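Student: Provide a 3D model corresponding to the input given below.
(one chain, ligands or ions: 1)
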Amino acid sequence: MSKFAQLGLSSQLTKAVEKSGYDAPTPIQQQVIPLMLKGEDIVGIAQTGTGKTAAFVLPILERLKANQHKAKPKHCGTLIIVPTRELAKQIDDNIEKYATHIYHQRACVVGGVKYPKQIKRLNQGLDILVATPGRLEDHLKSGNLSLAHTETLILDEADQMLDLGFFPAIRRIAKQTPRTRQTVLLSATMPKPIRQLAAELLDNPRDVAVAPQATPVERIEQAVMLMEKSEKRPFLREALENQFRTIVFTRTKHGADQLVKYLSKQGVAASAIHGNKSQNQRQRSLEAFRKGDENILVATDIAARGIDIPDVSLVVNYDVPTTPEAYVHRIGRTARAGREGRAITLCSPEEQKLLRDVEKLIKIKLPVENVKAGGIDEDAYDPMRAAAKPVKKTSDGHGARTDKAPRGKRSDAFTDKRKPKRAKPHRKGGPRNGEKTEARDATGQRKKRGNKNPPRGPARNRNRNRAAR
Ligand code: AMP
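Tutor: This is a model prediction of the structure:
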């Protein structure tokens, strides 16, 4: 019996996961799949990269297989709400992958695309609907969809939905679903407003918490380059030479566009994803990046969170993020699935306070390299130069730089070890960033929490495994 079958999944699904190349369930899957199959409400602390999508998609499909009833027009059996269009598409693709042997009707309803096709799909009735809150509410208000028979509600990446101000919409949407529904809420972090939402929407939920495969901050080589704002562009241009899959983060959409323009003028092909791009443009850029047709993606925080692109070798924080949590999310785009990764933050003097906030959160003193001001000259701007120095843990748990970079010695903070080295000679023997920086819990919130959510009133007869679609 396969390890997935032991969790209660039938052969159609175990075949699908084996075909995807998965040997064994991840920790979040081990915990969530049996609970979901039992019909429990779940609050899960899990980041992207832990296999959380399959954790909720597989039980949904298992239940669908058992109840092959045609979905009612303008209704959906399972509703998955996510913060971004890209994440919606990613989940939809996952469902398609796992559900090859299971008859189902599904749709992905997000903003930025035309309504008629979506309305047509909703009219047919859906087993599974993946949606972003704004467009979903539009359809609900227009009467294109009713949630009166929705049995399962999944709220994925709740922390980002909170950041984006979606909680009022989530509350309005949840009110339109039956109280007997099964609700699963997943989030990378669990601040108070999310606990509050969980207490309102979930019934006696089971807590599930997993650390990511390896806490990203622990595995990522990180460095900060101190420089004037005006020096960032030429520095970046140089740094991107010969890079394999790099994501560059900017604070604003305008900043992302400007940077892409600048890079294009410099002969560096890059494209931007952010909220002002149409859904098609965003999808095209992501696909080009995923396939390796384009190696550089310039992104804003919102557009990039939750996106699972394997093998990103370098993350550049062109701007220091305004919230320290965003730093953790950004650098988590690299070093996925056990691979190596590097993250470089370009920090201007005005941004140093923000950097301190990041260090406080991740409990690491980031190694800093002062980039000499005064325009590009080979020595000052060669990004191969020492960026990340070994960090020694001090008694307070913070790191401290242990050495000064010998002039002219280089580290490989920017070097992609999977690609041939740059054409320029790479002098060996410089201070390497081999010593991994230490981090304890980056978010500080992955511990399993006690159940603070009392059941709402008498036990409800949820009878969730019945066919009610
Ligand atoms: P997620 O956390 O859902 O974004 O998933 C991260 C990645 O893990 C995706 O590329 C999945 O295809 C992959 N994945 C999911 N479940 C497993 C598993 N049991 N074994 C190996 N990889 C998995």
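Student: wait, what's in contact with Arg251?
Tutor: Counting by Cβ atoms under 8 Å, 6 or more residues apart in numbering, Arg251 touches 300-301, 319, 321-322. (Each C-beta comes from the backbone N, C-alpha and C, glycine too.)
Student: ugh, wrong one, Met227
Tutor: Met227 is in contact with 235, 346-348, 371, 373, counting by Cβ under 8 Å, 6+ apart.
Student: And what about Val185, helix, strand or coil?
Tutor: Residue 185: Leu, not Val. Here Leu185 is strand, with the state taken from DSSP: H, G, I helix; E, B strand; the rest coil.
Student: Next, the nearest residue to it once chain neighbours are set aside: phi, psi?
Tutor: Distances taken as Cβ to Cβ, 6 or more residues apart in numbering place Leu155 nearest to Leu185, at 4.5 Å, with adjacent residues excluded. Taking degrees, to the nearest 10, you get phi -110, psi 110 for the backbone angles of Leu155.
Student: Next: Asp319.
Tutor: Main-chain torsions, Asp319, degrees, to the nearest 10: phi -120, psi 140.
Student: ok, now how distant is it from Val110?
Tutor: 27 Å (Cβ to Cβ, to the nearest Å).
Student: Low-confidence ranges, the stretch 351-469 of the chain, go.
Tutor: The stretch 351-469 of the chain contains residues with pLDDT under 70 at 372-469.
Student: Buried residues in stretch 103-117, which are they?
Tutor: Neighbour-count burial for stretch 103-117 flags 104-112 (criterion: 16 or more other Cβ atoms under 10 Å).
Student: JSON lines for these, including pLDDT?
Tutor: Converted to JSON lines, the buried residues of stretch 103-117 look like this (pLDDT from 0 to 100):
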{"residue": "His104", "pLDDT": "93"}
{"residue": "Gln105", "pLDDT": "95"}
{"residue": "Arg106", "pLDDT": "97"}
{"residue": "Ala107", "pLDDT": "98"}
{"residue": "Cys108", "pLDDT": "97"}
{"residue": "Val109", "pLDDT": "97"}
{"residue": "Val110", "pLDDT": "95"}
{"residue": "Gly111", "pLDDT": "93"}
{"residue": "Gly112", "pLDDT": "87"}
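Student: which two of these lie the greatest distance from each other?
Tutor: His104 and Gly112 (24.7 Å; Cβ to Cβ).
Student: near the ligand, which residues of this structure?
Tutor: Contacts of the chain with the ligand, taken as Cβ under 6 Å from any ligand atom, map to 22, 25-26, 29, 48-54, 308.
Student: Make CSV out of these and add pLDDT, neighbour count and secondary structure.
Tutor: Output for the residues of the chain next to the ligand, formatted as CSV (pLDDT from 0 to 100; neighbours: other Cβ atoms under 10 Å; DSSP: H, G, I helix; E, B strand; the rest coil):
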residue, pLDDT, neighbour count, secondary structure
Tyr22, 91, 17, coil
Pro25, 94, 22, coil
Thr26, 91, 19, coil
Gln29, 96, 27, helix
Thr48, 79, 22, coil
Gly49, 78, 20, coil
Thr50, 84, 21, coil
Gly51, 90, 21, coil
Lys52, 93, 27, helix
Thr53, 96, 27, helix
Ala54, 97, 26, helix
Asp308, 70, 16, coil
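Student: picking up where we left off before, from the buried residues of stretch 103-117, which land in strands?
Tutor: Using DSSP state E, 106-109 are the members of the buried residues of stretch 103-117 that sit in strands.
Student: Turn those residues into TSV, columns for distance to Ser313.
Tutor: As requested, these are arranged in TSV below (distance: Cβ to Cβ, whole Å):
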residue	distance to Ser313
Arg106	34
Ala107	35
Cys108	30
Val109	34
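Student: What is the nearest of those residues to Lys291?
Tutor: Closest to Lys291 out of these is Cys108 (20.3 Å), distances taken as Cβ to Cβ.
Student: Starting from the one helix or strand Val298 maps to, tell me which strands it pairs with and how they run.
Tutor: Assigned by DSSP states H and E, Val298 belongs to strand 296-299. Here strand 296-299 has these sheet partners by DSSP bridges: strand 246-249 (parallel), strand 271-273 (parallel).
Student: Quick check: next helix or strand after the shortest one?
Tutor: In this case it means strand 271-273. Counting by DSSP H and E, the element after strand 271-273 in chain order, helix or strand, is helix 279-291.
Student: Show me what that following helix is packed up against.
Tutor: helix 85-98, strand 271-273, strand 296-299 (3 or more Cβ pairs under 8 Å, 6 or more residues apart in numbering; DSSP states H and E).
Student: what pairs with Gln222 across the strands?
Tutor: For Gln222, the beta-bridge partners are Ala343 (DSSP bridges).
Student: okay, Leu286: pLDDT?
Tutor: pLDDT, Leu286: 86.
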